[in-house]
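**Student:** what's the 3D shape of this:
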Amino acid sequence: MTARTSSVRDAAWSTWGTVDDDVLTHLINPMFMGGPAWPNVRQAFRVVRRPGEILLASDGLADPFYDRSAAGNGFGHEFYAVTSDPLEKVPGTWLWDVVWQMSQFAAGRGGLAELFEELSLLSTELYNVAVPDSHQGRFVTGEDRVGVLLGLRDTTPPPVVDGPLSTIRLINIKLLTVAELGYIVQHGEAGREELARRFVAQGRPLASSLDRPSVV
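**Tutor:** Now for the predicted structure:
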C-alpha cells in the first residue's frame, strides 16, 4: 500500500510540474531523536519543478501506518509550499522550514484532518524560519514567529486525491506577511476567508514569495 500511495502522490504532483527522482530526507530520522513519529516511520520530502517555480512537499504523512493499528492513509494529508524565489538549494531555506515545521507540528498532534473537515482554512505561527535578514521586518513578528495560512486551493495540484486506503488532502502552506497575520488575529475565520479572496485577486494564490506585496 505504501508503493501505491507514493504513486498516487507523485501523480498529483505531476499535474503541477516535474517530480525530482530523489526525495529529501534526514541522515537520522528525527523521531529517533525525540521528534514526532510519522505513520510509517519514514520522513521525506518531494521537490517538484516547473519553469521559474519550485514546489516542496512532505512525503510520508499519508503513508499507511506501519503497525496497522489504524486504518486509512496515515494522517490523511501532506503539506506543500510553492515559490518562484531563486533558491540555490532547498534545505536550510525558509521554504524548507515552513514545510518541515508544519509537517512536524501536524505529526506531533496526530494530523490535522479533523480540523480541515470543520474548517476549510486554518492559520498558525511557526518558529525559527530562515527568513533572510533583509525580509524579516515584513515576515517575522516581534516574537520571532512567522504566520502561515493553510488550505488555499487552485486547479493544480488537486486539493484531494484518492489514496488506496482513504482520501489524502494536499494542503498548501502560504507564507504571510506580519500585516496579514495581524489581520487574521483580529478577524479570525472571516479574516482567513477574506485573505483567501484577496490572494486569488492578487494572482498565483498558492505561491509564497519574500517579494510578494502584502494584501493588507
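**Student:** please enumerate the helices of this structure.
**Tutor:** For the chain, the helices identified by DSSP state H occupy 2-14, 94-108, 113-118, 136-139, 178-202, in order along the chain.
**Student:** for this structure, give me the ranges with low pLDDT.
**Tutor:** Low-confidence segments of the chain (pLDDT under 70): 32-34, 68-70.
**Student:** any chance you could map the strands in it?
**Tutor:** 18-19, 24-25, 44-50, 53-59, 77-83, 122-127, 145-150, 160-162, 167-176, 207-208 (DSSP state E).
**Student:** any idea how far Gln101 is from the nearest residue to Leu176 once chain neighbours are set aside?
**Tutor:** Nearest non-adjacent residue to Leu176, counting by C-beta to C-beta, 6 or more residues apart in numbering: Gly147, 3.9 Å away. In short, each C-beta sits where N, CA and C put it, glycine included. Distance, Gly147 to Gln101, using C-beta to C-beta, to the nearest Å: 12 Å.
**Student:** compare the two (neighbour count), which wins?
**Tutor:** Gly147 (23 against 19; other C-beta atoms under 10 Å).
**Student:** sorry, back to before: same list (the strands of the chain) but as TSV, adding distance to Trp38.
**Tutor:** Listed next are the strands of the chain as TSV, based on distance: least, C-beta to C-beta, whole Å:
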stretch	distance to Trp38
strand 18-19	20
strand 24-25	11
strand 44-50	9
strand 53-59	9
strand 77-83	11
strand 122-127	18
strand 145-150	18
strand 160-162	18
strand 167-176	14
strand 207-208	24
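**Student:** gap between Leu126 and Arg42?
**Tutor:** For Leu126 relative to Arg42 (C-beta to C-beta), the value is 23 Å.
**Student:** neighbour count: these two, which is higher?
**Tutor:** Leu126 (19 against 15).
**Student:** leaving out chain neighbours, which residue sits closest to the more buried one?
**Tutor:** Distance criterion C-beta to C-beta, 6+ apart; nearest residue to Leu126, sequence neighbours excluded, is Gln101 at 4.6 Å.
**Student:** you'd agree that neighbour is up against Val129?
**Tutor:** Yes: counting by C-beta atoms under 8 Å, Val129 is a contact partner of Gln101 at 7.1 Å.
**Student:** what's the nearest residue to Ala57 if we skip its chain neighbours?
**Tutor:** Closest residue to Ala57 apart from its sequence neighbours, by C-beta to C-beta, 6+ apart: Tyr80 at 3.7 Å.
**Student:** distance of that neighbour from His26?
**Tutor:** Applying C-beta to C-beta to Tyr80 and His26 gives a distance of 18 Å.
**Student:** out of the two, which sits in the more crowded spot?
**Tutor:** More neighbours surround Tyr80 than the other of Tyr80 and His26, with 24 against 15 (other C-beta under 10 Å).
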